[in-house]
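Engineer: starting from these lines, generate the structure:
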Amino acid sequence: MKTYQLSATGRRNVMLLMIGAGLIWIFAIWTFQSTLAISYVPGKILDSLQASLGQGLTVDRTVPALFMLVLMVAAPLTIWNIAMEWVARYTPTGDGLRYDAFGISLVIPWSNISDIRVIDADSDEPSNELRLKIDPSAQISNPVLRLLHIQAYGRVVLPLYAGIEHREELIDEIRRRANLS
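Structural biologist: Model (predicted):
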């Protein structure tokens, strides 16, 4: 059984994306603090937030603060999704396609794969996603990992990342075993 994973170029690209998302997260935390003039010193956070709210929130402070708050939540989720790509492994087996990443281990029966869809076909490296007939997330025993997996991909989608080494070979193998045209 051959296992497919990101190529060296794919890992490099993913690492750059993770660094970029991390920098955005740090920027959002710093900007949120300076926009609201709050202190991140433990024990003083609530006091400084109350003082800031007591001065009144104007539009020029509220809008950037809300935007930074969204980035503070979205950036770690983005980093998680990118990290999943970094460690993803696909192994075609007799039972189905095995997907492993960060403690998530799914076996997608061949009969559960309904389609392989191209995402962003105009890209230099388009990615694909497997469309599934049945939600496999019940196979993930850890509820936090299950929630993060569903948040990242949905219940009936499994990504086939652009940077996977020998991706076309993997796609051909999936098409053949799942009887897709």
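
Engineer: helix or strand next in line after the helix or strand of the chain at the bottom of the mean pLDDT ranking, which one?
Structural biologist: The helix or strand of the chain with the poorest confidence is helix 45-54; it has a mean of 77 (mean pLDDT, DSSP states H and E). The first helix or strand that comes after helix 45-54 along the chain, using DSSP states H and E, is helix 59-87.

Engineer: buried set for that following helix?
Structural biologist: By neighbour count on 16 or more other CB atoms under 10 Å, the buried set for helix 59-87 is 65, 68, 71-72, 75, 78-86. In short, each C-beta sits where N, CA and C put it, glycine included.

Engineer: what does stretch 159-168 give?
Structural biologist: Of the residues in stretch 159-168, 159-164, 167 count as buried by neighbour count, 16+ other CB under 10 Å.

Engineer: on that earlier part again, need the buried residues of helix 59-87 in CSV (columns: pLDDT and distance to residue 151).
Structural biologist: Below are the buried residues of helix 59-87 laid out as CSV (pLDDT from 0 to 100; distance: CB to CB, whole Å):
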residue, pLDDT, distance to residue 151
65, 87, 24
68, 93, 21
71, 95, 17
72, 95, 16
75, 96, 14
78, 94, 11
79, 94, 13
80, 92, 8
81, 91, 8
82, 93, 13
83, 92, 13
84, 92, 11
85, 92, 15
86, 93, 17
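
Engineer: which one of those is nearest to residue 125?
Structural biologist: residue 85 (12.3 Å; CB to CB).

Engineer: quick one: residues contacting the closest one.
Structural biologist: 6, 10, 14, 159, 161, 163 (CB atoms under 8 Å, 6 or more residues apart in numbering).

Engineer: the last one reaches residue 16, doesn't it?
Structural biologist: No: with contact defined as CB atoms under 8 Å, residue 163 does not count as touching residue 16 (11.6 Å).

Engineer: circling back to that earlier point, who's in contact with the least confident helix or strand of the chain?
Structural biologist: By CB under 8 Å, 6+ apart, helix 45-54 touches 36-39.

Engineer: show me how to select, in ChimeraX, the buried members of those residues.
Structural biologist: In ChimeraX, a selection of the buried entries from the contacts of helix 45-54 looks like this (16+ other CB under 10 Å):
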select :36,38,39
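
Engineer: from the contacts of helix 45-54, which is closest to residue 131?
Structural biologist: Looking across the contacts of helix 45-54 and measuring by CB to CB, the closest to residue 131 is residue 36, at 43.6 Å.

Engineer: that closest one reaches residue 60, doesn't it?
Structural biologist: No: using CB under 8 Å, residue 36 makes no contact with residue 60, being 11.6 Å away.

Engineer: spit out the residues that contact the two alike.
Structural biologist: Counting by CB under 8 Å, 6+ apart, nothing touches both residue 36 and residue 60.
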